[in-house]
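K.L.:
For reference, the sequence and a predicted model appear below.
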Amino acid sequence: MIDPVKLWTVIIGLGIGSYALRFTFLGIVGDRPMPAWLLRHLRYTAVAMLPALVAPQVVWPAATDGTADLPRICAAVVTLVVGLMTKNVLAAVFSGGATLFGLLYLAA
């Protein structure tokens, strides 16, 4: 059992930290023009988030006790190829998902 005081201390601390980080960009720097090099780097933040979230699930999936398997690798490759060819995030995600579930269904 977790001590309620510790739990609420962590929750409040994380809330204050999250607010402080957002306030730094929105409250203090939000009304000033940003340099071109920073804007160029910030443009790729959203694009980098999806691969950063998905890559561990492809390489070390918890469903297979951390061993890579063919359906997940194939789904990642299909997602990458469709995304590069169509430049459409939804088409890439849905095609990768269909590949994963289709190959998992065939393997079962």
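P.N.:
Yep, that arrived. Numbering: from 1, shown residues only.

K.L.:
Looking at Ser18 now. What's its pLDDT?
P.N.:
For Ser18, the model assigns a pLDDT of 94.

K.L.:
Can you tell me the element it falls in?
P.N.:
Using DSSP states H and E, Ser18 sits in helix 4-23.

K.L.:
average pLDDT across the strand or helix carrying Tyr105?
P.N.:
Here Tyr105 is covered by helix 89-107, with elements defined by DSSP H and E. The average pLDDT for helix 89-107 rounds to 93.

K.L.:
ok, now stretch 41-48?
P.N.:
Mean pLDDT, computed over stretch 41-48, is 85.

K.L.:
From the chain's centroid, how far away is it?
P.N.:
12 Å (C-alpha atoms, centre = their mean, to the nearest Å).

K.L.:
and it, which residues are buried?
P.N.:
For stretch 41-48, a neighbour-count test (16 or more other C-beta atoms under 10 Å) marks nothing as buried. Placement of C-beta: from N, CA and C, glycine included.
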